[in-house]
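# kindly return the folded structure for what I paste below:
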Amino acid sequence: MIILFEDRKERKEQFISNNEQFPLISESSMDCSNLLELNDYLKNNFKDAKVILLHKSYEFKDKTITPENFKTASQTALNVPVVMFSGGSNSNLIHERVFITAEVNSGVMYKNLRLFHDEYQRTGTPNIPLLVYGANYRVNQLMEIQAKINLYFFNRRSTEMLNENDVEEIMDITDAITSENEKNKLDKMWNWIEGKGVENVTIGAVLSLVQRMINQL
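Numbering: from 1, shown residues only. Here you go, the predicted structure:
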């Protein structure tokens, strides 16, 4: 199931006016009254969860339970990703431990929720990038990664050579890629860099390789 914690009902109803069209979404509330019991509460009440969508400012009855520690408890007790959404959030994938999670703008999330729900219904696997980036999630995800890499190198010349710190930073940026096809392309890029030697590869060459990955989609 897709578990939705949304405390702004009017916003949800703008996008989901007919719950029967989303049979795999369970809109839930939290009655746990003790932070120390949260893990057991989650295991007992949400054992069918595959992914949790949580409003970033959700208010729990027990004020010691916050969205952040609820997220941590859910990922520990249920072994599922938790996507945080908010009207003020920028859409962004996050690689946390073994999970690909996200923070996503509320409007973007609800806009993509039909696609996300229907693919989950078809495959049984929650596609977090699809929820964040929409139908063209592979291109949009790579373009976001390209923007982050460009920002990292913004004050350096394209003719400058890479160093080991650069490689680690690019690896961190690209770590959230989930598509096996794009992962394979990245592996080829790293193999090429390793073969030439980091000190022999220019920043411009890396930027060009990432652009080529986008153009091939």
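# can we go C-alpha only for contacts and neighbour counts from here?
OK.
# how far off centre is stretch 20-35?
Counting by Cα atoms, centre = their mean, to the nearest Å, stretch 20-35 is centred 21 Å from the centre of its parent chain.
# please save the CA atoms from it in CSV.
Presented in CSV, the C-alpha positions along stretch 20-35 are these (Å, rounded to 0.1, in the frame of the first residue of the first chain):
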residue,chain,number,x,y,z
GLU,A,20,-12.0,4.7,-5.7
GLN,A,21,-9.6,5.7,-8.5
PHE,A,22,-6.7,5.2,-6.2
PRO,A,23,-7.4,1.9,-4.5
LEU,A,24,-3.8,1.4,-3.4
ILE,A,25,-3.5,4.7,-1.5
SER,A,26,-4.5,4.5,2.2
GLU,A,27,-5.1,7.9,3.8
SER,A,28,-4.1,7.4,7.4
SER,A,29,-3.8,9.1,10.7
MET,A,30,-1.5,8.5,13.7
ASP,A,31,-2.8,7.5,17.1
CYS,A,32,0.5,6.5,18.7
SER,A,33,0.8,8.5,21.9
ASN,A,34,4.3,7.6,22.9
LEU,A,35,7.5,8.1,20.9
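# outside of it, which residues touch it?
For stretch 20-35, contacts defined as Cα atoms under 8 Å, 6 or more residues apart in numbering pick out 1-6, 38, 41, 60-62, 64-65, 114, 117, 121.
# if we use 10 Å, what do you get?
Contacts with stretch 20-35, where a contact means Cα atoms under 10 Å, 6 or more residues apart in numbering, come from 1-7, 12, 16, 19, 38-42, 45-46, 49, 51-53, 58-66, 69-70, 73, 113-114, 117-118, 120-121.
# cool, thanks, talk later.
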